[in-house]
Every structure is written in C-alpha cells, then in structure tokens.
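Engineer: my questions concern the predicted model and sequence given below.
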Amino acid sequence: MSRGAGARLVALTRKETRQLLRDPSSLAIGILLPILLILIFGFGLSLDVKNAPLAVVMEDSSPTAMQAVSGLQLTPYLSPVLLGSMKEAEVLLDAHKVDGIVRVPSDFASRLGEGRARIQVLVNGADAAKASIILRYATAALAQNAVRQGDLDGVAAGAPNASGIGAVTIDERLWFNSANTSTWYLVPGLIVLIMTLVGAFLTALVMAREWERGTLEALFVTPVRPVEILLAKIIPYFGIGMLGLALCLLASKFLFHVPMVGSLVVLVFSSMLYLIVAVAVGLVISSVTRNQFLASQVALISSFLPSLMLSGFLFDLRNVPTVVRIVGQALPATYYMELIRSLFLAGNIWPMVARNCAILLVYAVGLLSVARFVTRKRLD
C-alpha cells in the first residue's frame with residue numbers, strides 16, 4: 001500500500017470511528033444490546049428441568065409402597081406431591097399444576113412378593129421435550145430405589161435384584177459438562193449470536209443509512225478507492241465486535257462460571273475470522289439494499305435468525321430434517337458454533353479446529369470479495 005493510500009485509510013478510519021462514537025443508536029446496538037442478550041439468555045433461558053411437580057397417588061399406603069417411591073424425594077429435578085386418589089391427580093394435571101402422575105396401585109405390596117409389582121408413570125406430553133426429560137428423571141429415581149432395595153434383600157443370598165444387575169455399582173460421569181446445566185451449553189453459543197448481531201446487523205444498518213444520506217456518493221468523487229472505503233467501514237465495527245466478545249468472555253467466566261478448557265488464543269483468532277465474515281455479510285446487504293429498513297430486515301432474516309435457529313444453538317442439527325440440516329451446514333455460524341463450544345468445554349480438538357477455521361477463512365475471503373465487487377459495481 002502506498003503512502004497516500006495509507007494516509008487516506010487512516011483518515012477514513014478516524015472519520016468512521018468518530019461517526020460511530022457520536023451515534024447513540026449504533027452504540028446501543030453494539031454495546032447495550034449484547035449486554036442485555038447476555039443477561040436474558042444467560043439467566044432467563046434454560047433447557048434444564050428442575051423441581052418439576054409430580055402427583056404421587058398412594059393407593060397402597062404400606063411401608064413397602066412408601067419405600068418404593070422414596071427415591072422421588074431425593075432428586076432436585078422432581079417435586080413430588082402425595083395424594084390419595086387418582087381423580088385428584090387428574091384434576092391437578094388438567095390444570096397444569098403438576099407435570100405428571102406416579103400411581104402406586106393398591107396391590108403393590110402383595111404383587112411385589114410375587115415379583116409382579118408395577119408402578120404407573122403418566123406425564124403431560126404437550127411439551128414433548130420436557131415430558132421426555134421428566135419421564136426419564138422419574139423412571140431413574142424409581143429404578144435407583146429398586147436397585148438399592150434389591151441389593152439389600154438379595155445380594156447376601158446371591159440372588160439378582162429387580163433390575164437383574166445384582167450388587168453392581170454404576171459410576172456415572174458427564175464429560176465436558178460436569179455441572180449438568182444447559183447454561184454451559186448456551187452461553188458459548190450466545191457469543192455467536194452477539195458477533196452476528198454486531199457484525200452483520202449493525203454494519204448493514206449503518207451502511208444503508210449512509211447510502212440513504214448520500215455520504216458514500218460524496219466519497220466516490222474523491223480519490224478514495226473502494227477497498228479503502230470497505231476497510232475503513234470494517235475496522236470500527238470490528239472493534240465493537242471484539243468488545244462484545246470481551247464482554248461475553250467476562251460474563252461466561254464471572255457470571256456463569258463456564259470453564260474455558262481450550263486455548264484462549266485459538267478462540268480469539270476464530271472469533272476474529274467469524275467477525276470478518278459477519279461484517280462482510282453486512283456490507284453486501286447494505287450495498288444491495290441501500291435502505292435502512294430493508295437492510296435491517298434482510299440482515300435479521302438472513303443472518304441473525306438462521307444463527308439462532310439453524311446453527312445448533314438450541315438443538316442438534318442431526319435431529320432435524322435433511323433439508324433443514326443442509327441449510328444449517330451452509331451457514332458459517334454453524335462452524336463457529338461447533339468450534340467455540342468445543343474450545344470452551346472439550347478443549348483443543350485440533351483436527352476440528354483446523355477444519356472449521358479453514359471454512360471460516362474461505363467464507364471471509366469469499367464474502368469480502370463479493371462486497372468489494374458490489375461496491376465497485378456501484379461506483380461504475
């Protein structure tokens with residue numbers, strides 16, 4: 001780059017930075033909105049089920065029956081309520097005051113001696129995902145008590161217990177999420193949303209506003225080159241995006257206590273790559289639309305919403321239809337999402353890091369080339 005081009009780039013960058021700092025709406029989107037998203041998603045959004053109310057209908061009130069459901073009291077995920085009749089439980093279930101019913105029949109104790117005892121578990125299936133979790137928790141709590149009781153009764157004589165596993169101790173461990181909380185899963189993904197919001201949405205909105213006001217056309221009649229204009233636009237919003245990344249990292253460390261297992265250097269480098277991709281998307285959108293309202297809608301539909309719904313932020317893409325999975329795999333946010341979650345929770349998985357960083361680099365180069373071409377085309 002020649003000395004004149006460098007001086008022009010510095011002057012343009014200073015102008016863009018001052019313009020950004022004097023614009024309250026841009027600062028609100030770039031700084032305040034990420035803070036709000038961190039607080040809302042971090043504290044308000046959870047995929048966990050805790051203290052789910054369950055109606056426990058004890059048609060058999062014998063000590064044996066009470067012992068059979070005692071495991072429900074020992075788990076923090078369930079909140080059992082003892083009732084005397086099935087009718088009462090059904091009323092509470094219909095009123096959504098309980099999420100399920102555990103029914104112990106009147107002949108439970110007698111059938112237990114014959115090896116034919118049954119406990120009925122009914123769960124409100126309106127929310128299929130929640131119902132599946134509650135059913136799994138309730139079944140596990142009942143099964144643990146059956147195993148414990150079977151060990152006490154049958155191990156001394158060498159007999160198997162009710163589950164057929166005898167005196168077997170199962171050591172359970174969760175890898176990569178030892179706290180067993182969805183917060184550790186959601187907070188790293190929140191960084192992807194904030195980087196997309198600042199990079200694509202804010203850049204598209206501000207650039208389109210300059211197209212509307214005619215300030216870009218005023219620059220076009222000067223010796224400034226299109227690539228210098230693009231670089232001057234990218235640098236300030238790149239800085240705002242990195243500030244958003246810093247806020248997310250601080251929140252994940254001190255507010256939500258998410259562990260950082262992988263390399264911070266790799267995380268920052270990959271975040272820089274993705275931020276360049278997001279800013280390039282915003283530049284392309286603004287150059288094509290040239291209208292603030294239209295640019296904001298296009299940026300929302302084409303970048304932020306897909307990053308929220310189709311990148312793996314809320315659910316695994318392997319569980320969606322093939323067409324949706326193909327669309328999700330075409331998004332750069334999908335690869336950044338996988339990369340950042342692995343760096344936070346699993347560590348430096350170098351083959352995956354290299355592959356995803358290479359994909360983000362290809363997206364960055366391709367989208368910047370498109371942005372330069374569109375801007376140059378407008379100049380012509």
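Structural biologist: Nice, I can see it. Residues are numbered from 1 along each chain as shown.

Engineer: how about the nearest residue to Val370, chain neighbours excluded?
Structural biologist: Leaving aside its sequence neighbours, Val370 sits nearest to Val284 (CB to CB, 6 or more residues apart in numbering; 5.5 Å). From N, CA and C alone the C-beta is placed, and that goes for glycine too.

Engineer: just give me the neighbour total for the residue lying closest to Gly312 once chain neighbours are set aside.
Structural biologist: In space, and not counting its chain neighbours, Gly312 is closest to Met337: 5.1 Å by CB to CB, 6+ apart. Here the count is done by other CB atoms under 10 Å, and Met337 has 24 residues near it.

Engineer: quick check: Met337 is in a strand.
Structural biologist: No - secondary structure of Met337 (DSSP: H, G, I helix; E, B strand; the rest coil): helix, not part of a strand.

Engineer: correct me if wrong: it contacts Ser311.
Structural biologist: Yes - with contacts counted by CB atoms under 8 Å, Met337 reaches Ser311, the gap being 4.7 Å.

Engineer: give the rounded mean pLDDT of the host helix or strand of Lys87.
Structural biologist: Using DSSP states H and E, Lys87 sits within helix 86-94. Averaging pLDDT along helix 86-94 yields 91.

Engineer: against which helices or strands is that helix packed?
Structural biologist: Under the contact definition 3 or more CB pairs under 8 Å, 6 or more residues apart in numbering; DSSP states H and E, helix 86-94 sits against strand 52-58, strand 78-83, strand 100-104.

Engineer: for it, list every residue counted as buried.
Structural biologist: Residues 86, 89-90, 92-93 are the ones in helix 86-94 that count as buried (16 or more other CB atoms under 10 Å).

Engineer: so what touches it?
Structural biologist: Helix 86-94 is contacted from outside by 55, 57, 59, 81, 83, 98-101, 103, 122, 124, using CB atoms under 8 Å, 6 or more residues apart in numbering.

Engineer: show me where pLDDT drops low in this structure?
Structural biologist: Scanning the chain with the threshold set as pLDDT under 70 gives 1-3, 145-174, 376-380.

Engineer: using the three-state scheme, assign the residue nearest to Val370.
Structural biologist: Per three-state DSSP, the secondary structure class of Val284 is helix.

Engineer: returning to what we had before: specify which member of the buried residues of helix 86-94 is nearest to Glu16.
Structural biologist: Nearest to Glu16 out of the buried residues of helix 86-94 is Leu93 (CB to CB; 59.5 Å).

Engineer: doesn't Leu54 make contact with Ser79?
Structural biologist: Yes - counting by CB under 8 Å, Ser79 touches Leu54, with 6.8 Å between them.

Engineer: neighbour-wise, which of these two wins?
Structural biologist: Using other CB under 10 Å, the more surrounded residue of Ser79 and Leu54 is Leu54, with 26 against 15.

Engineer: from Pro80, how far out is the more buried one?
Structural biologist: Distance, Leu54 to Pro80, using CB to CB, to the nearest Å: 5 Å.

Engineer: identify the contacts common to these two.
Structural biologist: Here Leu54 and Pro80 have 72, 102 as joint contacts, going by CB under 8 Å, 6+ apart.

Engineer: next, show the common contact partners of Met337 and Ser311.
Structural biologist: Common neighbours of Met337 and Ser311 (CB under 8 Å, 6+ apart) are 189, 192.
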